[in-house]
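> 3D model of this:
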Amino acid sequence: FIDDDGRSEVYTIWRTIANEKAIKFNSCVYAEPVKNGESDTMTPTQLLTLQSEGHEILSHGYVRNAGLTNLNTSEYPREFGDSKLYLKSLGLDINSFVYQGGAYNDDVLNTIPYYYDSAFTVDGGMNKQYNTPLDGYKIKRQDLDNATLATAKGYVDNLVAKCGWLVFTSHVWYTQ
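Residues are numbered from 1 along each chain as shown. Model (predicted):
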């Protein structure tokens, strides 16, 4: 599970569910809202608590919804590098990136490996089916935001049948 945007509800809702069910999840966060102490974003202390409990924190960039494919490549060091540096300065282990809105292009794909070990898209589907190699910078995520329990179960049943790897996307702060 990867929850997008690092909103405060990750700490109050996702964390509660994860602790109750003894599961781990990932949260991708924008650095600037954390740095600025924006009220809808988790605090550094909350992020460190999640990490200490075994949950992983991923970068979602520096500026909220920067639109990576619309940026000049000269802005990539801020989005990729500064976001990672700031989050690491808090004591977080940051190794992966989640593309904002799932948007990426060749320039992004050529740059991201200089900063991160892997990156996640919003392209739906399963990863690493059978012997298919995994592209570590185009890892797919299946959206759960409007899925029913039956739909989510279908994703898992398909995963088991095909021996794949499935990453779910959520936005815990969406009311649905």
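> any chance you could map the strands in this protein?
2-3, 26-29, 56-59, 96-98, 118-120, 142-143, 168-170 (DSSP state E).
> The ones you listed: which one's closest to D135?
Of all the strands of the chain, strand 118-120 sits nearest to D135, with 9.4 Å by C-beta to C-beta. C-beta coordinates here come from the backbone N, C-alpha and C atoms, glycine included.
> The closest one packs against which elements?
Applying 3 or more C-beta pairs under 8 Å, 6 or more residues apart in numbering; DSSP states H and E, one finds that strand 118-120 contacts strand 96-98.
> Distance from the strand it packs on to the middle of the chain?
Distance of strand 96-98 from the chain centroid (C-alpha atoms, centre = their mean, to the nearest Å) equals 6 Å.
> about what we covered before: please tabulate the strands of the chain in a markdown table, including the columns mean neighbour count, mean pLDDT and distance to L85.
Formatted as a markdown table, the strands of the chain follow (neighbours: other C-beta atoms under 10 Å; pLDDT from 0 to 100; distance: least, C-beta to C-beta, whole Å):
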| stretch | mean neighbour count | mean pLDDT | distance to L85 |
| --- | --- | --- | --- |
| strand 2-3 | 22 | 93 | 21 |
| strand 26-29 | 25 | 97 | 14 |
| strand 56-59 | 24 | 98 | 10 |
| strand 96-98 | 25 | 97 | 13 |
| strand 118-120 | 22 | 96 | 17 |
| strand 142-143 | 18 | 87 | 30 |
| strand 168-170 | 20 | 89 | 26 |
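> TSV for those, including distance to Y11?
As requested, those are exported to TSV (distance: least, C-beta to C-beta, whole Å):
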stretch	distance to Y11
strand 2-3	10
strand 26-29	9
strand 56-59	12
strand 96-98	18
strand 118-120	21
strand 142-143	22
strand 168-170	14
